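Participant: I'd like to go over a predicted model; first the sequence, then the structure.
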Amino acid sequence: MQPKHDIFPVQVPVALYCLWNSRDLLDAWQHCLYDRYDWMVMLIWCIPLIIIRFFPPDERASGNTQAIYTGTGLLFSFIGTIGSLNLLTYAGLAVVIAGWLPFSWVQFVWILSALSWMPALGWIGSRFFLDHILMVRVFLSITASAWISYHTVTQRKRQRCLAINR
Amino acid sequence: MLGNKQIILWISLLFAIVFGAAVKWFPLHAEQNRLQRLPVKGLFFSSQSLPLSQSEMSVFGQAPVIKRYYRFGRHSFVMIVVDGSANRHAVHDPLYCLQGDGWHIKSREAISVDGGQADLLRLSRNGLDREAVFWFSDGLSRHASMIRYWLQTTLRRLTFGLSDPEPVMVILQSTGNEKPDWRSLLHQCDFLFEI
């Protein structure tokens, strides 16, 4: 069974709170021409969450950073909801989700790549790369997901080798 | 036993839920009759209300909207005004929506209007050419920047209405094949800037 760090019981309701605040995504996926496949892009973006289940993190090392991610995501989602700024609300969801992964600097790139499933990229794309919005979304999410998955898995393997050698 | 981090997060979550619910239950004051300030007819112009299309209704939701056909001298145009005070997400970037609706934006040009500037868009779709002008107005200043609108409306909500008034979005569309001289038309149509 997956070991749970000490903030796990609050991570789940915070993630649900952020998901609830991000429910406008469903509307965008259904009605916006540039966002209709974003659900698929979001699934791709979330793949590292599944991969990491097979390489459980060192719970003691990750507890603090996960609390920071969870708190920051909650703050973003809260301000985004009160201020009616969906970009910030979705960023909050992305940061909270990132809290489920062990800390690494690649994580920041992965969080930034969450833009791939946000309607904001469609808005940017409609101005600069109108005909390639979906392609950019898919490329961004696959690249970032593959990178963080590879980085996390190699990091875990290295840690295990070091632990065995000790 | 709950750790400190967990306690802080639980309290923060509880605060966010309670405060967020309170804000939803007691929304910011929205001036109900603001859109009604726009005159229906005057010495040189007349108008008639137009029904919203299904897609417009789904986009604007419960937000107050006015859609009118205006006739000014030999010119005519359709005007849509959306007040996002009660539902900010009812106000979408016109460029984004028009392109999503299949329109190609041939050009975008800033033009001066009373209190600021608007954007003039030249559009085409399936051989049809149209022109549209849009701006955001808080009653005093006018601009055509979506980012500025987002900042204004977010700041207004975060300060509970203490910042500037909520801007409304105004869109004018040409009708038929007519291509009005928008600069001259907007200069003459003072009534458009009463909102």
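Facilitator: That came through fine. Numbering: from 1, shown residues only, chains lettered A, B, ... in the order given.
Participant: buried ones in stretch B:124-136?
Facilitator: For stretch B:124-136, the neighbour count (16 or more other C-beta atoms under 10 Å in any protein chain shown) marks B:130-136 as buried. Every C-beta, even on glycine, is put in place using the N, C-alpha and C of the backbone.
Participant: likewise for stretch B:111-127?
Facilitator: Buried residues in stretch B:111-127, counted by 16+ other C-beta under 10 Å: B:113-114, B:116, B:118-123.
Participant: now those residues as CSV including secondary structure, distance to A:Arg36 and pLDDT?
Facilitator: Listed next are the buried residues of stretch B:111-127 as CSV, based on DSSP: H, G, I helix; E, B strand; the rest coil; distance: C-beta to C-beta, whole Å; pLDDT from 0 to 100:
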residue, secondary structure, distance to A:Arg36, pLDDT
B:Val113, strand, 35, 93
B:Asp114, coil, 40, 91
B:Gly116, strand, 35, 94
B:Ala118, strand, 31, 95
B:Asp119, strand, 27, 96
B:Leu120, strand, 30, 95
B:Leu121, strand, 24, 95
B:Arg122, strand, 27, 93
B:Leu123, strand, 22, 92
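Participant: so can I have CSV of the residues you listed showing distance to chain A?
Facilitator: As requested, these are exported to CSV (distance: C-beta to the nearest C-beta, whole Å):
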residue, distance to chain A
B:Val113, 23
B:Asp114, 27
B:Gly116, 21
B:Ala118, 18
B:Asp119, 13
B:Leu120, 17
B:Leu121, 13
B:Arg122, 16
B:Leu123, 14
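Participant: residues of chain B that sit close to chain A?
Facilitator: B:3, B:5-6, B:8-10, B:12-13, B:16-17, B:19-20, B:23, B:58, B:88-89, B:93, B:95-96, B:99-100, B:150, B:153-155, B:157-158 (C-beta under 8 Å from any C-beta of the partner chain).
Participant: which among those end up buried?
Facilitator: Looks like the residues of chain B next to chain A have B:5-6, B:9-10, B:12-13, B:16, B:20, B:88-89, B:93, B:95-96, B:99-100, B:150, B:153-154, B:157 buried, using 16+ other C-beta under 10 Å.
Participant: now, those residues that are in helices?
Facilitator: B:5-6, B:9-10, B:12-13, B:16, B:20, B:95-96, B:99-100, B:150, B:153-154, B:157 (DSSP state H).
Participant: need the longest helix for chain A.
Facilitator: Under DSSP H, chain A gives helix A:133-165 as its longest helix.
Participant: return the set of buried residues in it.
Facilitator: A:133-134, A:136-137, A:140-142, A:144-145, A:148-149, A:151-152, A:156.
Participant: mind giving me the packing neighbours of it?
Facilitator: helix A:38-51, helix A:106-112, helix A:119-128 (3 or more C-beta pairs under 8 Å, 6 or more residues apart in numbering or on different chains; DSSP states H and E).
Participant: can these go into TSV with extra columns for distance to A:Thr65 and mean neighbour count?
Facilitator: Putting the helices and strands packed on helix A:133-165 into TSV (distance: least, C-beta to C-beta, whole Å; neighbours: other C-beta atoms under 10 Å in any protein chain shown) gives the following:
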stretch	distance to A:Thr65	mean neighbour count
helix A:38-51	16	18
helix A:106-112	9	17
helix A:119-128	26	18
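Participant: nearest approach to chain B belongs to which of these?
Facilitator: Nearest to chain B among the helices and strands packed on helix A:133-165 is helix A:119-128 (5.1 Å), distances taken as C-beta to the nearest C-beta.
Participant: hmm, back to that, can you put the buried residues of stretch B:111-127 in TSV and add distance to B:Ile171?
Facilitator: Putting these into TSV (distance: C-beta to C-beta, whole Å) gives the following:
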residue	distance to B:Ile171
B:Val113	13
B:Asp114	17
B:Gly116	16
B:Ala118	10
B:Asp119	10
B:Leu120	12
B:Leu121	10
B:Arg122	14
B:Leu123	12
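Participant: show me the shaky parts of chain B.
Facilitator: Counting by pLDDT under 70, chain B contains low-confidence ranges at B:1-2, B:28-32.
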